[in-house]
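Visitor: When you get a sec, could you give me coordinates for this:
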Amino acid sequence: MAVLRKTVSAGSWRGEFTEAYKAGRFKAAGAIFDAHAASSERPELVLLAARAHMHYDPAASLRLLLKLRSPATKSVTKVERDMLLTEAFARTKDFTSADQCLMAALSAAQKLKDAELVSAVGYRGVRRYLLSREPAKARTYLDFTRAAYSKSSRLYSAYAEAIILGYEERVLEQAERLTEVLRLLDPNSGDFIELRAWSTHTLAALARELYIPAAISEIDRQLSGKPWPKDFAPNLFQALRGVGWAKALLGDSFNAFRHLKRASEVADTTAWKVVAACDRSYLARSLGEPRWSRSELDEAEQLAAVVDWHSTLAEERMGLLALAELFGSLDTARSAMYLARYRELGELKSPLYYGEDPRRTAYAQYSTGVVEIALGNTRRGLTELREARKVFERFGYDFRVARCILAEYAVSGKRELVPILDEKLRNYRMSWLMNEVRSLSGSTQVSLPPMQRRVFDEICQGKSTAEISRTLGRSAYTISNHTKAIFKAFGVKSRAALLAEAMQRGHLTRSRDDGAAQSLMGTVASRDHGE
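Guide: Presented below is the predicted three-dimensional model:
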């Protein structure tokens, strides 16, 4: 009976370990294996444990693989061991050993004529060369990832290309490839959780920076599906932040706040909660809600007081810069204090970006520039802003470029910057940034998206909702929603007020025939009462 109990116990932990791995709970799976596995554990379980450890501790994965007794020369198990060793060595910076294992794995997979194995080895080859920042060499292994035609191979091949495109700074193409990956993934399934989490996170970060509204619906689809395991809390946090800001830039402030609030709820560190609270404070301030903004800022400051900033990751440290930036217009002493604390932490080293990514530096330069200007160090601040702008221009991050120009324009008042701002914000007419542009430039013009502009023109001809609906081929419900958005943009609550405001702002030429103008105003006013 004692032997039987031991067998059942052993079988129990193995089942628990396997279930944890399949569910994407890799840290839990690794801990179960480490606590129960014997030194002579079956190779397939050791390989699974090595895969689990690879997600969060590649050194532990390497130790497991090196202890695994060498399988038969041409066996599938040996190929799997060698391709995992490729990544483990590469992630611990032993590229010579990584290359030896990669060549051995590829040669054996080709001799076995196993297309799935060749594809899997190709994927590890891509990752190996990206870890040493060699995207051209990584591309030579991309063809191997396409050796098989299974769903798994197609997914990993597309994801591998997306990663390469990121290193090549071809960000729009990267966004397209990631969207393709996500469309192949069922958000209500636990399969391919790593691809789902990383692809959603990366695409959301790109949707925040680029005008790619088509990607937002796919991100929402993935976020509304089966909950992600805790191992991927950092990815979920970044995905929610990214899509939140993407919606804010399109004028959807309600859902922007909703996503940013949820980001704070899923944040796995207090430092990330600081960042999320700063996000909400900034957005509330930009929407003309100073009390709300200050409430969020107070929460961020209280959270920041208990963080050991020296033990934080690079991106988490941006919370200190965000605090410095937000206090710049409220309390320069505090602003200077947070900037000094940020600088004390030293050089940024980021696990969330591709090696020495210039974007990471540019984000810091922008915030530092704004703070320096607030502290009276205008020349130094402008230098930081212009350096950040160069990087954002390079990547095509138009709204980031606009923020740099806005900050510079607020100081210099150079009118030649206004047309550049208008061009950079052509896709963000409903964002808070346009209000800042109008405020600084003294412009009273209101920019409307194309469809709203057509509805506006029809309203100004005195047409009813039903008439506009027939003319434009849209439902009355849609026309009504556009009308409400137009009222909000002009700051009015009726058609008559809209017409008067439009004339005042120069959107309409005043009629020389006062009688005709009065007649039109009367017609428009009657629409207000009739609808």
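
Visitor: His310 - how many residues pack around it?
Guide: A count of nearby residues for His310, using other C-beta atoms under 10 Å, gives 10. (Each C-beta comes from the backbone N, C-alpha and C, glycine too.)

Visitor: Who are the contact partners of it?
Guide: Counting by C-beta atoms under 8 Å, 6 or more residues apart in numbering, His310 makes contact with Leu345.

Visitor: residues near Val118, how many?
Guide: Around Val118 there are 23 residues (other C-beta under 10 Å).

Visitor: Kindly report the same for Arg258.
Guide: 14.

Visitor: Relative to Glu315, how far out is the most centrally placed residue in the chain?
Guide: In the chain, the residue lying closest to the centroid (C-alpha atoms, centre = their mean) is Ala205, at 1.7 Å. Separation of Ala205 from Glu315 (C-beta to C-beta, to the nearest Å): 11 Å.

Visitor: hey, C-alpha coordinates of stretch 328-348 in CSV?
Guide: The C-alpha trace of stretch 328-348 is given here as CSV (Å, rounded to 0.1, in the frame of the first residue of the first chain):
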residue,chain,number,x,y,z
GLY,A,328,5.5,71.0,-13.3
SER,A,329,2.6,73.4,-13.5
LEU,A,330,1.5,72.9,-9.9
ASP,A,331,4.6,72.7,-7.6
THR,A,332,8.0,73.2,-9.1
ALA,A,333,9.8,72.1,-6.0
ARG,A,334,8.1,68.7,-6.1
SER,A,335,8.6,68.5,-9.8
ALA,A,336,12.3,69.0,-9.3
MET,A,337,12.4,66.5,-6.5
TYR,A,338,10.9,63.7,-8.7
LEU,A,339,13.2,64.5,-11.6
ALA,A,340,16.2,64.3,-9.3
ARG,A,341,15.0,60.9,-7.9
TYR,A,342,14.5,59.6,-11.4
ARG,A,343,18.0,60.6,-12.4
GLU,A,344,19.5,59.0,-9.3
LEU,A,345,18.4,55.6,-10.6
GLY,A,346,20.9,55.6,-13.4
GLU,A,347,20.8,54.2,-17.0
LEU,A,348,17.6,52.6,-18.2
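
Visitor: so what's the residue nearest to the centre of the chain closest to, chain neighbours aside?
Guide: By the measure of C-beta to C-beta, 6 or more residues apart in numbering, the closest residue to Ala205 outside its immediate chain neighbours is Gly242, 4.6 Å from it.

Visitor: who are the neighbours in contact with that neighbour?
Guide: Neighbour list for Gly242: His201, Leu203, Ala204, Ala205, Leu206, Ala207, Arg208, Ile219 [criterion: C-beta under 8 Å, 6+ apart].

Visitor: Keep only those of the residues you listed that are in helices.
Guide: His201, Leu203, Ala204, Ala205, Leu206, Ala207, Arg208, Ile219 (DSSP state H).

Visitor: give me phi/psi at Leu448?
Guide: Recorded main-chain torsions at Leu448 are phi -120, psi 150, according to degrees, to the nearest 10.

Visitor: and it, how many neighbours?
Guide: By other C-beta under 10 Å, 19 other residues sit near Leu448.

Visitor: Would you confirm that it contacts Ala489?
Guide: Yes: counting by C-beta atoms under 8 Å, Leu448 does reach Ala489; the two are 6.3 Å apart.

Visitor: which regions of the protein sit below the pLDDT cut-off?
Guide: 1-11, 69-74, 347-356, 441-445, 504-531 (pLDDT under 70).

Visitor: how does it divide up, domain by domain?
Guide: 365-441, 451-530 (automatic domain parsing).

Visitor: Comparing those domains, which comes out most buried?
Guide: Ranked by average neighbour count under the criterion mean count of other C-beta atoms under 10 Å, the domains of the chain are headed by domain 365-441 at a mean of 18.

Visitor: Is Lys137 in contact with Tyr129, as I believe?
Guide: Yes: using C-beta under 8 Å, Lys137 is in contact with Tyr129, at 4.2 Å.

Visitor: the more surrounded of these two?
Guide: Shown here are Lys137 and Tyr129; by other C-beta under 10 Å, Tyr129 has more neighbours (23 against 14).

Visitor: Please list all residues in contact with that one.
Guide: Applying C-beta under 8 Å, 6+ apart to Tyr129 gives the contacts Pro135, Lys137, Ala138, Tyr141.

Visitor: one more time with 6 Å
Guide: Tyr129 is in contact with Lys137, Ala138, counting by C-beta atoms under 6 Å, 6 or more residues apart in numbering.

Visitor: and what of Glu296?
Guide: Counted by C-beta under 6 Å, 6+ apart, Glu296 has contacts Ala277, Arg280, Ser281, Ala284.

Visitor: Return the closest of those with respect to Glu325.
Guide: Of all those, Glu325 sits closest to Ser281, with 10.0 Å by C-beta to C-beta.

Visitor: can you tell me how far the closest one sits from Arg294?
Guide: In terms of C-beta to C-beta, Ser281 sits 8 Å off from Arg294.
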